[in-house]
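Q: coords please:
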Amino acid sequence: MTTSVATDAPAYEPPFGAFEYFPDNLEWSTQMIRLFSYCYVRGADFSEVHSVAKSLPVGDNAAWEAGFGALAERIESDARASLAAGHTVSARDYFLRATIYHRISGQMADIGGEHEVAPGLEGSIRCFREAAALMHPAFVPVEVPYEGASLPGYLCVPEAADGAKVPAVIDFGGIDAWAEEQYFKIGAALVERGYAVLLLNGPGQGEAKTRGIHGRHDFEVAAAAAVDFIGARPGVDADRLGLIGSSLGGYFAARAAAFEPRLKATVIWGAVNGNFARVFDEAAVAGRRGSRVRQLERFLGVEGRGALIETASLFQLGPDVMRNVSAPILIMHGESDALVPPSDAQAVYDDVVHPDKTLLIYPAGTPGSAHCQLDSLGVAQRDMGDWLDDKLSG
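A: Model prediction:
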């Protein structure tokens, strides 16, 4: 077992620990770091992002949506012009950036739960599918059978040089994650390392939520569906399957690790120890962040605080769950995480009895200290990629 720089949780609110583009607005600063991190993986351009952000009235969510929405439309138009001219590489890169700009345009409205379907979702899906068709190897849209319906996602199975089967990783994001965005966070990096990758919208996420499929505490049901699907794909080694869950997906990953024995390695990319309604209530009280209560209601498909608390109370981990983990597990958490304190990561780690467990806590003021290492995507990709290589190399 391994633990690194584990610390007691500070009395919230912690130091942000990362660059604050908008010092008086923590939520906006967090989303700007998110954008800037995608410059590392062709998902954004610093000058394009800055050209919009520099003139926005801070806190005006409608202006945010309009500004980044217009940028998304302009970059998508450039992509189509490049494609028409036969410049497929340029078109792909434009479509990739437009994917993120569409996605981020609706982020503030999504956090506030203003719409059942977040603005920008349709455009983000459209642009990512255009980009994916120009990739080699390609991420192909797929439907994963799930309780009489299906979960939408994307699959990429690279060919091994020797024709052998390749290990595979399933990836889920968090409460406001879309499978298209997960390509940038970790999907492309895993394919480069030779993994087959399934980027999936789980219950309550992205396109799945538009189908009336809402979030659930027993996420191992969705994880089992994903394992069934990817393990049966040609070219995939079903005996070398891993799973990554980021943000609230860290809770999902913990449930999967505990109750899906076919997984041989699991990464909790930002831990949540349960009762996430409590987490978001605390974040709102901290002073510089808006409430996510309405977002939670839409994620779970419930109305009203009473129903929210009742449903959210089912989201619990603890020793009764985590003692069931039967394979190696990695937990990564930033000390300056503004949503979930590092004490949640420590608690999840402590409750795992499997001997092969690792806890990485990135100290405040160092790369990786923000929520899900949004301030240093390269550090996160390195650490989980190397760990997965060690566990799934065969």
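
Q: Output the below-cut-off pLDDT ranges for the stretch 51-200 of the chain.
A: Within the stretch 51-200 of the chain, no range satisfies pLDDT under 70.

Q: Could I get the full set of helices for it?
A: Along the stretch 51-200 of the chain, counting by DSSP state H, counting those that start in this stretch, helices occupy 61-84, 88-105, 107-111, 121-132, 179-182, 188-192.

Q: mind checking which of those is nearest residue 342?
A: helix 107-111 (22.5 Å; CB to CB). The C-beta positions use only the backbone N, C-alpha and C, and glycine is treated the same way.

Q: So which other helices or strands are in contact with the closest one?
A: helix 26-37, helix 61-84 (3 or more CB pairs under 8 Å, 6 or more residues apart in numbering; DSSP states H and E).

Q: Let me know the distance separating the residue sitting nearest the centre point of the chain from residue 57.
A: By CA atoms, centre = their mean, the chain has its centre lying nearest to residue 173, at 2.9 Å. Computed as CB to CB, to the nearest Å, the residue 173 to residue 57 distance reads 29 Å.

Q: Could you work out the end-to-end span of stretch 22-30 for me?
A: Across stretch 22-30, the terminal residues are separated by 9 Å (CA to CA, to the nearest Å).

Q: tell me how far it is from the chain's mean position?
A: Relative to its parent chain, stretch 22-30 has a centroid offset of 20 Å by CA atoms, centre = their mean, to the nearest Å.

Q: avg pLDDT for that stretch?
A: Across stretch 22-30, pLDDT averages out at 89.

Q: just stretch 225-237 next, same as before
A: Here stretch 225-237 scores 97 as its mean pLDDT.

Q: Just the buried positions in that stretch, please.
A: Buried positions in stretch 225-237, judged by neighbour count with 16 or more other CB atoms under 10 Å: 225-227, 229-231, 233, 236-237.

Q: likewise stretch 22-29?
A: Neighbour counts over stretch 22-29 (16+ other CB under 10 Å) mark 22, 25-29 as buried.

Q: Counting neighbours, what do you get for the residue lying closest to residue 176 once chain neighbours are set aside?
A: Spatially, and ignoring its direct neighbours in sequence, residue 176 is nearest to residue 110 (5.2 Å; CB to CB, 6 or more residues apart in numbering). Residue 110: 25 surrounding residues under other CB atoms under 10 Å.

Q: which SS class is residue 263?
A: coil (DSSP: H, G, I helix; E, B strand; the rest coil).

Q: Hmm, residue 44 is touching residue 98, no?
A: No. Contact criterion CB atoms under 8 Å: residue 44 and residue 98 do not qualify, at 10.3 Å.

Q: All set now, cheers.
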